[in-house]
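# Here you go, sequence then predicted model.
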Amino acid sequence: MFESILNNVQEKTPLIHCITNYVTVNDVANVLLACGGSPTMADDESDAVEITAICHGLVINIGTLNQRTISAMLKVGKKANELSHPVVLDPVGAGASKLRTDTTFKLLEEVKFSVIRGNISEIKTVAKGSGTTRGVDADASDAVTEENLDEAISFAKELSASLGSIIAITGAIDLVADADKAYIIRNGHQMMAKITGSGCMLTAVIAAYCAANPGKFLDATSAAVCAFGLCGELAYDKVVKNDGGTASYRTYLIDAVSKMDWKTLKEGMKIETR
Amino acid sequence: MFESILNNVQEKTPLIHCITNYVTVNDVANVLLACGGSPTMADDESDAVEITAICHGLVINIGTLNQRTISAMLKVGKKANELSHPVVLDPVGAGASKLRTDTTFKLLEEVKFSVIRGNISEIKTVAKGSGTTRGVDADASDAVTEENLDEAISFAKELSASLGSIIAITGAIDLVADADKAYIIRNGHQMMAKITGSGCMLTAVIAAYCAANPGKFLDATSAAVCAFGLCGELAYDKVVKNDGGTASYRTYLIDAVSKMDWKTLKEGMKIETR
Amino acid sequence: MFESILNNVQEKTPLIHCITNYVTVNDVANVLLACGGSPTMADDESDAVEITAICHGLVINIGTLNQRTISAMLKVGKKANELSHPVVLDPVGAGASKLRTDTTFKLLEEVKFSVIRGNISEIKTVAKGSGTTRGVDADASDAVTEENLDEAISFAKELSASLGSIIAITGAIDLVADADKAYIIRNGHQMMAKITGSGCMLTAVIAAYCAANPGKFLDATSAAVCAFGLCGELAYDKVVKNDGGTASYRTYLIDAVSKMDWKTLKEGMKIETR
């Protein structure tokens, strides 16, 4: 069902502008190239607004935000809205500090986001202005489980209705929802949490998928989440085979993204709707 | 003898806040995850002080310092002191420029460091306000050798007594000392110098080991130095086996960190006390 | 013909100061070590001028420029000129935004560059203040092909004469020219465009080759372009053999740089002069 979505990314080579953190920026750039897109990074506001204008989509990731880049995020987000580019927010560590929480709300106030992707603690902060966090990791007490899944789906749908954004909550079980429909995705592997940047990379892949599939953001986001999660599984198989560790895993994860095709995705995706 | 130290890191998942350089920040984050910890990076002072408060240890690495981040380093260091978190200093390039040397001394004046890790030239700068450097590399004329080892041990012990910090001098021979006791460690491989970030990564691993082992900083630091050096040896074996080069070496090094266990460390560590 | 050039790099270990973008900075540092040089990164002007003084060459890469780093680039460039260090410019995205184009021209006005390396769109911007770009990628309509090769050679020679810099235009076919002579290089592999940082890494390698070979910048630059392109081919062979993807390719590329020797280069280089 996601065949045309996948093909559009690989055929259109969407150019994605990222204002993102410096911890995982290289992985983000490489995963964008791997999935069929192309990255551009610019975070000085006198540069970034123009750069956004020649791109097809925007990622705002608040991972290592500072006063200078926050200002750029706001201006660039508005520009992308003017141009009707998809804009994806990754509220890294929202809830962990006042600056991150305040910046998240300022961004939500001034910029319209097509998609918001985070772990459950970050998304709870987006929804309620609260939520516990363990730094940039989700708090275990927040986790989406089979037991609280229906509740989490309702939460995601309501938040989507309220913000007008696709909500993607990723963790052991992933949820992607608009106001009416939710995809539950069970791809992925726990080793993704043993490398930095899994979340940042996925956010960027979502932006590429959305930019190549205008008007289909729910499906595009879900396809990206499925595909990236499946890559996490394929990378794990390869790590086991080659007796590797976490750094090999990172390499194999991006490798798998660069080799993903519809046949592989169709056979490997674990997705249902509710 | 380091069994409980290693186990504590893997069981407690210490959260380490790093203000570090943007050259090796991704490696630092990945090695923290690999060794059993978890990284958080924040360098804007309005964010970083709060982030430190939810962490268990702090790394200050002056590698690509600027006026904005120096200010954050000072505030965050004091906050970590207030909270009795272990704080580890990596004075990258101290001695190579006035800004780096001055910042090192300003940090030493205002922040109490649990551990200071550097190459011999950087540590000599810390001690004497002088010392030659070759950029971020140690100067060959400073090197710790079998011939000057006793002198280097005395130097490290005296510096530790004077600053109240564990002193870790890494190079072909590694020294870890407090005022009374020094460990001499002969793990490691010269290929570690052919990738960027070996030192930065080790500093972060030391912080994770110290955060998980309060009150045992000398042993925790020594265990980290042994374990990381041994990973350098294991990575070299794998590079030879796979006919790889320096980038494969970097991957295998972090892989080895992610797979380190007590059995491997016990068999491979080359350590004595003086 | 490039034997002594290659050997000089490996024997002299030139120390290269880079003010470069944070997207690919880790790759740049690692490739400098891999090719036989050593990197230092400093971008605060109160640090960077002094750091340049202890180095042997300078890279200015405008990839994620901001007002603070632009100021440092100008001061550091002048200092390197004073010291007669080779200075290499990588005008990333020149033509894509006013800030990048203006900064490129400001740098050209105030700093004497030994070598300017970019894709054809960036170099056209350098030459004419115009040129189309697709973000940080070259525009297909600008591409150097067998059909327009003579024209491109004339363009490169004229630009070199006008600026007094070696001009290196890289793409499917690479050109390296001074006012009188051009090398046409057909090494490389299209997979180099599927990872971030190929261009940034090559720029840094050129700086190392020039720093180790004073007075021979045309040959040093051409040798670097040949060697790095050949590494791109060798990396591709290894990716195919190991069924890897783009992240493995990045690893194998730097691996190949770390293992390059004259025998390999002599057999693999595809170079002619016109």
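Here it is on my side, so go on.

# tell me which element the closest residue in space to A:V144 that isn't next to it in sequence falls in.
Leaving aside its sequence neighbours, A:V144 sits nearest to A:A152 (C-beta to C-beta, 6 or more residues apart in numbering or on different chains; 4.6 Å). All C-beta spots, glycine's among them, are computed from the backbone N, C-alpha and C. Taking DSSP states H and E as the criterion, A:A152 maps to helix A:149-163.

# would you put the C-alpha positions of that helix in PDB?
Provided in PDB are the C-alpha atoms of helix A:149-163 (Å, rounded to 0.1, in the frame of the first residue of the first chain):
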ATOM      1  CA  LEU A 149      -2.400   1.100  23.500                       C
ATOM      2  CA  ASP A 150      -6.100   2.200  23.000                       C
ATOM      3  CA  GLU A 151      -5.600   5.000  25.400                       C
ATOM      4  CA  ALA A 152      -2.400   6.100  23.600                       C
ATOM      5  CA  ILE A 153      -4.200   6.000  20.200                       C
ATOM      6  CA  SER A 154      -7.000   8.200  21.500                       C
ATOM      7  CA  PHE A 155      -4.400  10.500  22.900                       C
ATOM      8  CA  ALA A 156      -2.600  10.800  19.600                       C
ATOM      9  CA  LYS A 157      -5.800  11.300  17.600                       C
ATOM     10  CA  GLU A 158      -6.900  14.100  20.000                       C
ATOM     11  CA  LEU A 159      -3.600  15.800  19.900                       C
ATOM     12  CA  SER A 160      -3.600  15.600  16.100                       C
ATOM     13  CA  ALA A 161      -7.100  17.100  16.000                       C
ATOM     14  CA  SER A 162      -6.000  19.900  18.300                       C
ATOM     15  CA  LEU A 163      -2.800  20.800  16.600                       C
END
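
# Most proximal residue of the stretch 151-274 of chain A with respect to chain B?
A:G245 (2.9 Å; C-beta to the nearest C-beta).

# burial count for A:K263?
A:K263 is flanked by 9 other residues according to other C-beta atoms under 10 Å in any protein chain shown.

# Helix, strand or coil: sort out it for me.
helix (DSSP: H, G, I helix; E, B strand; the rest coil).

# Report the contact partners of it.
Listed by C-beta atoms under 8 Å, 6 or more residues apart in numbering or on different chains, the contact set of A:K263 is empty.

# and the closest residue to chain C within the stretch 151-274 of chain A, how many neighbours?
Here the stretch 151-274 of chain A gets closest to chain C at one residue, A:D255, 3.0 Å apart by C-beta to the nearest C-beta. Other residues near A:D255 come to 27 when the count uses other C-beta under 10 Å.

# Equivalent analysis for the one 5 residues further on, please.
Applying other C-beta under 10 Å, we find 25 other residues in the vicinity of A:M260.

# Report the secondary structure state of the residue lying closest to it once chain neighbours are set aside.
Leaving aside its sequence neighbours, A:M260 sits nearest to A:A227 (C-beta to C-beta, 6+ apart; 5.3 Å). Put simply, A:A227 is helix when judged by three-state DSSP.

# A:A227 against A:L6, yeah?
Yes: counting by C-beta atoms under 8 Å, A:L6 is a contact partner of A:A227 at 7.1 Å.

# Would you mind measuring from A:D90 to B:H17?
A:D90 sits 20 Å away from B:H17, going by C-beta to C-beta, to the nearest Å.

# for the residue nearest to A:V144, what are its contacts?
A:I120, A:V144, A:I169, A:L175.

# Pull out the buried members of those residues.
The neighbour-count test (16 or more other C-beta atoms under 10 Å in any protein chain shown) marks A:I120, A:V144, A:I169, A:L175 as buried among the contacts of A:A152.

# Next up, phi/psi of the first one, please.
Comment: the main-chain dihedrals of A:I120 come out as phi -60, psi -40, following degrees, to the nearest 10.

# tell me the pLDDT at it?
pLDDT recorded at A:I120 is 95.

# That one - nearest residue in space that isn't next to it in sequence?
Take A:I120 and drop its neighbours on the chain: the residue closest to it by C-beta to C-beta, 6+ apart is A:D142, 4.5 Å away.

# ok, that neighbour - how many residues close by?
By other C-beta under 10 Å, 22 other residues sit near A:D142.

# that older thread, how near is the residue nearest to A:V144 to A:I120?
7 Å.

# okay, and the common contacts of these two?
A:V144, A:I169.

# Name the residues linked to the closest residue to A:A156 other than its chain neighbours by a beta bridge.
If the residues on either side of it in the chain are set aside, A:A156 comes closest to A:A177, at 3.8 Å by C-beta to C-beta, 6+ apart. Beta-bridge pairing of A:A177 under DSSP bridges involves A:I167, A:A182.

# Quick check, A:A177 in contact with A:S160.
Yes: if you go by C-beta under 8 Å, A:A177 and A:S160 touch, sitting 5.2 Å apart.

# Next, show the common contact partners of those two.
A:I166, A:I167.

# Give me the more crowded residue out of the two.
Set side by side, A:A177 and A:S160 show more neighbours around A:A177, with 29 against 23, by other C-beta under 10 Å.

# what's the spacing between the more buried one and C:I60?
Distance of A:A177 to C:I60, given as C-beta to C-beta: 47 Å.

# in chain A, what secondary structure element scores lowest on mean pLDDT?
Using mean pLDDT, DSSP states H and E, strand A:133-134 stands out as the lowest-scoring helix or strand of chain A, at a mean of 54.

# how close does the residue nearest to A:S97 when sequence neighbours are not counted sit to chain C?
Of all residues beyond its chain neighbours, the one nearest A:S97 is B:E50 (4.0 Å), with distances taken as C-beta to C-beta, 6+ apart. Distance, B:E50 to chain C, using C-beta to the nearest C-beta, to the nearest Å: 24 Å.

# and if you look at A:M41?
Distance from A:M41 to chain C, by C-beta to the nearest C-beta: 5 Å.

# tell me the contacts of that residue?
Here A:M41 is in contact with A:H17, A:C18, A:I19, A:T20, A:V25, A:A29, C:N21, C:Y22, C:V23, C:G63, C:T64 (C-beta under 8 Å, 6+ apart).

# got TSV for the residues you listed, with secondary structure and pLDDT too?
Below are the contacts of A:M41 laid out as TSV (DSSP: H, G, I helix; E, B strand; the rest coil; pLDDT from 0 to 100):
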residue	secondary structure	pLDDT
A:H17	strand	98
A:C18	strand	98
A:I19	strand	98
A:T20	coil	98
A:V25	helix	98
A:A29	helix	98
C:N21	coil	97
C:Y22	coil	97
C:V23	coil	98
C:G63	coil	97
C:T64	coil	96
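
# For B:K128, state which of these is nearest.
Checking the contacts of A:M41 against B:K128 with C-beta to C-beta, the nearest one is C:Y22 at 33.4 Å.

# Let me see the contact set for the closest one.
Contacts for C:Y22 were tallied using C-beta under 8 Å, 6+ apart; they are A:Y22, A:V25, A:M41, B:Y22, C:T64.
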